[in-house]
Each structure stands twice: as structure tokens, then as C-alpha cells.
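**Student:** output the structure for:
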Amino acid sequence: MERFDWKMIFKLNLFSLWVVGLWPKGDAYTFNIYTVYAAVSISFFISAFGILATINAFKINSDMDDSEEVIVFFALEVLINIKVFMFIKNLRLMKQIMTTLSNDMFQPKCLKQVLLIEPALNIWRIIYNILIAIGGPTITLRMLYPFLTKSRVLPLPAWYPYNIQISPLYEISFLHQFVTVLYSVVALYNIDMFIIALLVFVGAQCDIICDDLRNLNEKNFEIFNNKLIKFVKYHQEIVILAENFNNSFNIILLGQFLTSSVVLAFLLYLLAMMCCFQNKNLDVKFISHVVLASFYIVQIFTYCWLANEMEAK
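**Tutor:** Residues are numbered from 1 along each chain as shown. Just a heads-up that it's a prediction; the model follows:
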């Protein structure tokens, strides 16, 4: 049977991480052009904007609605910085996990096993497309907000050390936020999908070993014993893989659940306030908040569901 290429399934995911500077060739960053690109882009589009959002959160002096929105985006920036930092910190371990995908032990043994794991892989592809379908309109609405409301404001609340109302400072700030949003969303989204892909992979390995054991029908005791020992070692490797997964992503997932809870609470509060106080200028924001809340609900549900499936298997 032809070898099953696990990496081909995650090809777009890994390519997207490479584009934003989070997936260097080799096991770690080395001093080259790609590392310089990654350092500059992460510093300028994630860390720098996180600092601007933090300053703005402490300097805010406006009505309650604006304060709530500032807190939402401040929490999102904190989450993005935590995820990117922890992802880079555990990059070597994740590279090792990806290397194990090519191990003969983790290969499906027959077409039946490929068909057995195909539903789980299809679920991952569906989730990938659903989050793109939700995230796309969210980005679009946020970036088009100044044009739709015909106001000279920036799409995201942030502090800048100059008057953003003056041209070309406004245009430069808008361009910075536009690139920052695209960069941050691609990084955040693909880190999430990489974690979910590993959840699916561990669950698929459990399906394969279960099928192997169901078909263990050897009459010869010695052959039976050797195969059983091989499957025990296979199971131990799956357990080690799951432990490496937990060690790599427990902080990321903790930050995800804490931040998502705060963001969803504030978003639902904002939506309730918008429904109570009808304002035609809030229509674009209302739709944007609805889509963003849907994104985080799907994201949290996916983590809970697939992690529970992996634990059960």
C-alpha cells in the first residue's frame, strides 16, 4: 500500500504558518533572512500593536460602550501574544511531533484503515473552512467600518503617539492596522488549526490501533505474542505523543479558555446594550460583534469536542 502522507492534509495550515514567520525550515530558527523577517513582522505587527492596545486600555476615557470594546480587543491582543510566544517556545517539540508522522508505526496498514480515519480528517477540513467563512466577514466588517460609517476613525481601538486625524498619518495608521489584523488573524487561526489537527491525529492513531487489535487473529502463539508486544509499544508511543501535546499546548489552551470567556462575556454584553439602545451608527459594529462571537463559540466548541473525543479514544 502507498504511504499515507499526513503532512499533505495540513499542507495549507503549515504554509500559512510559514508565511507569518512561525514555521521555519528545520527544527528551529537559525540566523537567516527568514528569521529576520519573522522577528521584524512579529515585533511590528503583533508585539507593537499589543503595546499600543495596552496603552489605549489604560488611557481610555470615554463612554461605557467604548470602554467595553477596548477591553475586548485588549484581551484578544493578550491572547495573540501568548499564543505566538508559546508556539515559538515549543517549536522544536512540535517539529519533533511532525517528524513522528512519517514513522512507519503511525502509518495506516491498509485501505480499510485509511477509510476508518477519513471521517475525522474530513471534520478537521470542515472546521477549517467554517472558521475561514466566519473569520473572513469579521475582518472585512472591521476594516470597512470607517468607510461604512463615513467617519475618520481607525478599525481597531489603539493609542498612537500622534494625531491620527492628520493626513498622511491616518492613512499610515490604517495601513498598519490592516496588515496587523491580517497577520494576527492568520497566525491565531492557523495556530488553533494546528493544535486541532494534532488532536485529530492522536484520535486517528487510536482508531488504527483498535482496528489492528480487532484483526489480531493469529493461531501461532509466538506470532500472536510478537504482534501484541508491537501493539503495546505502539500504544505507548501514542501516549507519549499525547503527553508531548499536553506539555506543548496546556498554557495556550488555558489562555484560550480564559480569554475567550472574557471576550464572549463582553461581546454578549455589548450586543445586549446595542439591542436596548437602538442606534443606526451601531449596525456595522453589531454585525461584526455577532460574527466575532460566533467565531469564538465555534472555536471553543471545537476544542472541547475534539479533546473529549481524543480522551475517550
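**Student:** what separation do you get for Ser184 and Ser261?
**Tutor:** Relative to Ser261, Ser184 is positioned 20 Å away (Cβ to Cβ, to the nearest Å). Bear in mind the C-beta positions are built from the backbone N, C-alpha and C, glycine included.
**Student:** comparing those two, which residue is more hemmed in?
**Tutor:** Between Ser184 and Ser261, counting by other Cβ atoms under 10 Å, Ser184 is the more crowded of the two (24 against 13).
**Student:** helix, strand or coil: sort out the residue minimising distance to the centre of the chain for me.
**Tutor:** The chain has Asp192 as the residue nearest its centroid, 2.0 Å off, counting by Cα atoms, centre = their mean. Secondary structure state of Asp192, per DSSP: H, G, I helix; E, B strand; the rest coil, is helix.
**Student:** where does this protein dip in pLDDT?
**Tutor:** Scanning the chain with the threshold set as pLDDT under 70 gives 1, 60-69, 277-284.
**Student:** who are the contact partners of Ala312?
**Tutor:** Shown in contact with Ala312 (Cβ atoms under 8 Å, 6 or more residues apart in numbering): no residues.
**Student:** Ile132 too?
**Tutor:** Tyr189.
**Student:** number the chain from 659, please
**Tutor:** Got it, the first residue is 659 from now on, which makes the last one we talked about Ile790.
**Student:** how far away is it from Asn848?
**Tutor:** According to Cβ to Cβ, Ile790 and Asn848 sit 11 Å apart.
**Student:** go through the helix or strand that Val728 is a member of and flag the buried ones.
**Tutor:** Assigned by DSSP states H and E, Val728 belongs to helix 722-747. Buried residues in helix 722-747, counted by 16 or more other Cβ atoms under 10 Å: 723, 727-746.
**Student:** what's the spacing between whichever helix or strand comes after it and its chain's center?
**Tutor:** Downstream of helix 722-747, the next assigned helix or strand under DSSP H and E is helix 749-758. Taking the mean of its C-alpha atoms, helix 749-758 sits 17 Å from the chain's own mean (Cα atoms, centre = their mean, to the nearest Å).
**Student:** can you list the residues that contact helix 749-758?
**Tutor:** The set of residues external to helix 749-758 that reach it, using Cβ under 8 Å, 6+ apart, is 665, 680, 682, 684-687, 745, 764, 852, 856, 895, 899, 902-903, 905-906.
**Student:** ok, 10 Å please
**Tutor:** Among residues not part of helix 749-758, those counted as contacts by Cβ atoms under 10 Å, 6 or more residues apart in numbering are 664-665, 668, 672, 675, 680-687, 745-746, 748, 764, 852-853, 855-856, 859-860, 863, 895, 898-899, 902-903, 905-907.
**Student:** please point out which parts of the next helix or strand after it sit buried.
**Tutor:** Taking DSSP H and E as the definition, the helix or strand that follows helix 749-758 towards the C-terminus is helix 769-806. Of the residues in helix 769-806, those scored as buried under the neighbour-count criterion (16+ other Cβ under 10 Å) are 771-772, 774-775, 778-779, 781-782, 785-786, 789, 792-793, 795-797, 799-801, 803-804.
**Student:** quick check: longest helix in the protein by residues?
**Tutor:** Of all segments of type helix in the chain, defined using DSSP state H, the longest is helix 879-934.
**Student:** what angle sits between that one and helix 722-747?
**Tutor:** Using axes from the mean of the first three to the mean of the last three Cα atoms, to 10 degrees, one finds that helix 879-934 and helix 722-747 are set 160 degrees apart in direction.
**Student:** just checking, what packs against helix 879-934?
**Tutor:** Applying 3 or more Cβ pairs under 10 Å, 6 or more residues apart in numbering; DSSP states H and E, one finds that helix 879-934 contacts helix 722-747, helix 749-758, helix 827-872, helix 941-970.
**Student:** can you add distance to Ala696 and give those back as CSV?
**Tutor:** Shown next, in CSV, are the helices and strands packed on helix 879-934 (distance: least, Cβ to Cβ, whole Å):
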stretch, distance to Ala696
helix 722-747, 9
helix 749-758, 11
helix 827-872, 11
helix 941-970, 25
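**Student:** any idea how far Lys891 is from Met744?
**Tutor:** As for Met744, its distance to Lys891 is 31 Å (criterion: Cβ to Cβ).
**Student:** cool, Pro813 as well?
**Tutor:** Pro813 is 53 Å from Lys891, by Cβ to Cβ.
**Student:** the more surrounded of these two?
**Tutor:** Pro813 (21 against 11).
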